[in-house]
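J.: Next one to model:
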Amino acid sequence: MELINIFVKSIFIDNMVFAYFLGMCSYLAVSKQVKTAVGLGMAVIFVLGLTVPINYLLENYLLKEGAMVWLSPALKDVDLSFLSFLMFIAVVAAFVQLVEMAVEKFSPSLYASLGIFLPLIAVNCAILGGALFMQQRDYPTVGHAAVFGLGSGVGWLMAIVFIAAIREKIRYSNIPAPLRGLGIAFILTGLMGIGFMSFMGIKL
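T.: Numbers count the residues shown, from 1 in each chain. Below you'll find the predicted structure:
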(Lines give C-alpha, C1' and ligand atoms only; values in the text may rest on other atoms or scores of the structure.)
Protein backbone atom coordinates (compact mmCIF):
# COMPACT_ATOMS: atom_id res chain seq x y z
CA MET A 1 0.00 0.00 0.00
CA GLU A 2 2.87 2.36 0.81
CA LEU A 3 4.42 1.75 -2.63
CA ILE A 4 1.10 2.52 -4.33
CA ASN A 5 0.86 5.69 -2.27
CA ILE A 6 4.36 6.79 -3.39
CA PHE A 7 3.57 5.94 -7.02
CA VAL A 8 0.26 7.83 -7.13
CA LYS A 9 1.65 10.77 -5.19
CA SER A 10 4.67 11.15 -7.50
CA ILE A 11 2.38 11.18 -10.56
CA PHE A 12 -0.42 13.47 -9.45
CA ILE A 13 0.54 15.39 -6.30
CA ASP A 14 4.32 15.80 -6.63
CA ASN A 15 4.27 16.00 -10.43
CA MET A 16 7.68 17.19 -11.64
CA VAL A 17 6.14 19.68 -14.08
CA PHE A 18 2.95 20.88 -12.45
CA ALA A 19 4.11 20.88 -8.80
CA TYR A 20 7.78 21.85 -9.14
CA PHE A 21 8.05 23.13 -12.74
CA LEU A 22 11.14 20.99 -13.38
CA GLY A 23 12.22 20.02 -16.89
CA MET A 24 10.36 22.91 -18.46
CA CYS A 25 12.78 23.52 -21.35
CA SER A 26 12.23 20.06 -22.87
CA TYR A 27 8.57 20.11 -21.84
CA LEU A 28 7.87 23.29 -23.81
CA ALA A 29 10.15 22.62 -26.77
CA VAL A 30 9.10 19.03 -27.58
CA SER A 31 5.38 19.35 -26.80
CA LYS A 32 4.32 20.54 -30.23
CA GLN A 33 3.40 17.01 -31.42
CA VAL A 34 2.06 14.08 -29.42
CA LYS A 35 4.33 11.57 -31.17
CA THR A 36 7.56 13.29 -30.20
CA ALA A 37 6.18 14.05 -26.73
CA VAL A 38 5.48 10.36 -26.12
CA GLY A 39 8.97 9.42 -27.34
CA LEU A 40 10.72 11.86 -25.02
CA GLY A 41 8.38 10.96 -22.16
CA MET A 42 9.23 7.26 -22.49
CA ALA A 43 12.93 8.13 -22.48
CA VAL A 44 12.43 10.15 -19.29
CA ILE A 45 10.58 7.23 -17.65
CA PHE A 46 13.44 4.89 -18.54
CA VAL A 47 16.12 7.25 -17.24
CA LEU A 48 14.27 8.18 -14.03
CA GLY A 49 13.14 4.61 -13.37
CA LEU A 50 16.72 3.30 -13.46
CA THR A 51 18.86 6.18 -12.24
CA VAL A 52 16.89 6.94 -9.07
CA PRO A 53 17.34 3.43 -7.54
CA ILE A 54 20.97 3.28 -8.70
CA ASN A 55 21.65 6.66 -7.12
CA TYR A 56 19.85 5.43 -4.01
CA LEU A 57 22.30 2.52 -3.77
CA LEU A 58 25.26 4.85 -4.32
CA GLU A 59 23.95 7.23 -1.67
CA ASN A 60 23.30 4.59 0.97
CA TYR A 61 26.18 2.21 0.35
CA LEU A 62 28.97 4.54 -0.75
CA LEU A 63 28.42 8.27 -0.24
CA LYS A 64 26.65 8.87 3.07
CA GLU A 65 28.61 9.14 6.28
CA GLY A 66 29.19 5.60 7.52
CA ALA A 67 27.69 4.10 4.34
CA MET A 68 30.81 2.01 3.67
CA VAL A 69 30.74 0.30 7.04
CA TRP A 70 29.61 -2.83 5.19
CA LEU A 71 33.11 -2.96 3.68
CA SER A 72 34.98 -2.45 6.94
CA PRO A 73 34.15 -1.08 10.40
CA ALA A 74 37.18 1.19 10.02
CA LEU A 75 35.28 3.15 7.34
CA LYS A 76 32.42 4.19 9.62
CA ASP A 77 33.58 7.81 9.73
CA VAL A 78 34.14 8.18 5.98
CA ASP A 79 31.77 10.76 4.44
CA LEU A 80 31.70 11.12 0.65
CA SER A 81 28.40 13.01 0.48
CA PHE A 82 30.18 15.97 -1.14
CA LEU A 83 30.43 13.80 -4.26
CA SER A 84 26.64 13.29 -4.49
CA PHE A 85 25.98 15.77 -7.31
CA LEU A 86 28.91 14.50 -9.35
CA MET A 87 27.95 10.84 -8.96
CA PHE A 88 24.25 11.45 -9.61
CA ILE A 89 24.96 13.37 -12.81
CA ALA A 90 27.48 10.75 -13.98
CA VAL A 91 24.89 7.98 -13.60
CA VAL A 92 22.24 10.05 -15.39
CA ALA A 93 24.62 10.90 -18.25
CA ALA A 94 25.54 7.23 -18.72
CA PHE A 95 21.91 6.13 -19.02
CA VAL A 96 21.01 9.04 -21.28
CA GLN A 97 23.81 7.95 -23.60
CA LEU A 98 22.32 4.44 -23.70
CA VAL A 99 18.86 5.86 -24.47
CA GLU A 100 20.27 8.07 -27.21
CA MET A 101 22.05 5.17 -28.90
CA ALA A 102 18.96 2.95 -28.66
CA VAL A 103 16.61 5.59 -30.10
CA GLU A 104 19.05 6.39 -32.92
CA LYS A 105 19.27 2.70 -33.84
CA PHE A 106 15.63 1.66 -33.57
CA SER A 107 13.76 4.88 -34.40
CA PRO A 108 15.84 7.28 -36.54
CA SER A 109 12.79 9.44 -37.28
CA LEU A 110 12.08 9.98 -33.57
CA TYR A 111 15.78 10.64 -32.99
CA ALA A 112 15.73 13.31 -35.68
CA SER A 113 12.55 14.93 -34.38
CA LEU A 114 13.81 15.08 -30.80
CA GLY A 115 17.08 16.63 -31.93
CA ILE A 116 19.23 18.19 -29.22
CA PHE A 117 16.57 17.63 -26.53
CA LEU A 118 17.30 13.89 -26.28
CA PRO A 119 20.92 14.25 -25.07
CA LEU A 120 19.78 17.24 -22.98
CA ILE A 121 17.91 14.78 -20.74
CA ALA A 122 21.30 14.43 -19.04
CA VAL A 123 20.99 17.98 -17.73
CA ASN A 124 17.21 17.97 -17.40
CA CYS A 125 16.49 19.31 -13.92
CA ALA A 126 13.57 16.86 -13.56
CA ILE A 127 16.02 13.94 -13.79
CA LEU A 128 18.45 15.38 -11.25
CA GLY A 129 15.46 16.50 -9.19
CA GLY A 130 14.34 12.88 -8.92
CA ALA A 131 17.68 11.89 -7.40
CA LEU A 132 17.75 14.88 -5.05
CA PHE A 133 14.15 14.34 -3.88
CA MET A 134 15.04 10.69 -3.25
CA GLN A 135 18.00 11.85 -1.18
CA GLN A 136 15.91 14.40 0.72
CA ARG A 137 13.03 12.05 1.51
CA ASP A 138 15.34 9.26 2.68
CA TYR A 139 13.26 6.31 1.44
CA PRO A 140 13.76 3.15 3.53
CA THR A 141 14.46 0.73 0.66
CA VAL A 142 15.63 0.75 -2.93
CA GLY A 143 12.18 -0.49 -3.93
CA HIS A 144 10.59 2.70 -2.59
CA ALA A 145 13.14 4.77 -4.52
CA ALA A 146 12.49 2.79 -7.72
CA VAL A 147 8.72 3.28 -7.43
CA PHE A 148 9.23 6.99 -6.83
CA GLY A 149 11.50 7.27 -9.89
CA LEU A 150 9.06 5.35 -12.08
CA GLY A 151 6.08 7.39 -10.87
CA SER A 152 7.93 10.67 -11.43
CA GLY A 153 8.71 9.58 -15.00
CA VAL A 154 5.09 8.62 -15.64
CA GLY A 155 3.97 11.99 -14.26
CA TRP A 156 6.37 13.83 -16.57
CA LEU A 157 5.17 11.76 -19.55
CA MET A 158 1.55 12.51 -18.67
CA ALA A 159 2.28 16.24 -18.43
CA ILE A 160 4.08 16.51 -21.78
CA VAL A 161 1.52 14.35 -23.62
CA PHE A 162 -1.39 16.38 -22.21
CA ILE A 163 0.12 19.70 -23.26
CA ALA A 164 1.12 18.31 -26.68
CA ALA A 165 -2.43 17.09 -27.34
CA ILE A 166 -3.85 20.48 -26.37
CA ARG A 167 -1.30 22.37 -28.48
CA GLU A 168 -2.14 20.21 -31.50
CA LYS A 169 -5.83 21.03 -31.06
CA ILE A 170 -5.42 24.77 -30.53
CA ARG A 171 -3.15 25.12 -33.56
CA TYR A 172 -6.25 25.87 -35.60
CA SER A 173 -7.86 28.12 -32.97
CA ASN A 174 -8.04 31.88 -33.21
CA ILE A 175 -5.47 32.74 -30.54
CA PRO A 176 -4.45 36.41 -30.15
CA ALA A 177 -1.12 36.99 -31.91
CA PRO A 178 0.87 37.98 -28.76
CA LEU A 179 -0.09 34.71 -27.05
CA ARG A 180 0.72 32.30 -29.87
CA GLY A 181 3.47 29.76 -29.23
CA LEU A 182 5.08 29.85 -25.80
CA GLY A 183 2.61 32.39 -24.42
CA ILE A 184 -0.41 30.13 -24.63
CA ALA A 185 1.74 27.13 -23.61
CA PHE A 186 2.68 28.86 -20.33
CA ILE A 187 -0.95 29.78 -19.68
CA LEU A 188 -2.09 26.20 -20.33
CA THR A 189 0.66 24.84 -18.09
CA GLY A 190 -0.44 27.12 -15.27
CA LEU A 191 -4.07 26.07 -15.67
CA MET A 192 -3.12 22.40 -15.73
CA GLY A 193 -0.97 22.93 -12.64
CA ILE A 194 -3.98 24.42 -10.85
CA GLY A 195 -6.03 21.42 -12.01
CA PHE A 196 -3.45 18.97 -10.63
CA MET A 197 -3.60 20.76 -7.27
CA SER A 198 -7.03 19.16 -6.84
CA PHE A 199 -5.27 15.81 -6.36
CA MET A 200 -3.58 17.09 -3.19
CA GLY A 201 -6.57 15.85 -1.20
CA ILE A 202 -5.92 12.22 -2.19
CA LYS A 203 -5.15 9.98 0.79
CA LEU A 204 -4.52 6.28 0.27
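J.: Only C-alpha atoms from now on, for both contacts and neighbour counts.
T.: Fine.
J.: Regarding this structure, what is its longest helix?
T.: Looking across the chain with DSSP state H, the single longest helix is helix 142-170.
J.: Give me the packing partners of that helix, helices and strands only.
T.: helix 2-8, helix 34-58, helix 125-137, helix 182-196 (3 or more C-alpha pairs under 8 Å, 6 or more residues apart in numbering; DSSP states H and E).
J.: 6 Å instead?
T.: Packing contacts for helix 142-170, counted by 3 or more C-alpha pairs under 6 Å, 6 or more residues apart in numbering; DSSP states H and E, involve helix 2-8, helix 34-58.
J.: so is Ser173 in a helix, a strand, or just coil?
T.: For Ser173, the assignment made with DSSP: H, G, I helix; E, B strand; the rest coil gives coil.
J.: Got the confidence number for it?
T.: Here, the pLDDT recorded for Ser173 equals 82.
J.: Repeat that for Phe199.
T.: 84.
J.: sorry, back to before: would you list the helices and strands packed on helix 142-170 in a markdown table and tack on mean neighbour count and distance to Glu100?
T.: As requested, the helices and strands packed on helix 142-170 are exported to a markdown table (neighbours: other C-alpha atoms under 10 Å; distance: least, C-alpha to C-alpha, whole Å):
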| stretch | mean neighbour count | distance to Glu100 |
| --- | --- | --- |
| helix 2-8 | 17 | 26 |
| helix 34-58 | 23 | 9 |
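J.: Could you save these as CSV and add columns showing distance to Gly23?
T.: Formatted as CSV, the helices and strands packed on helix 142-170 follow (distance: least, C-alpha to C-alpha, whole Å):
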stretch, distance to Gly23
helix 2-8, 19
helix 34-58, 10
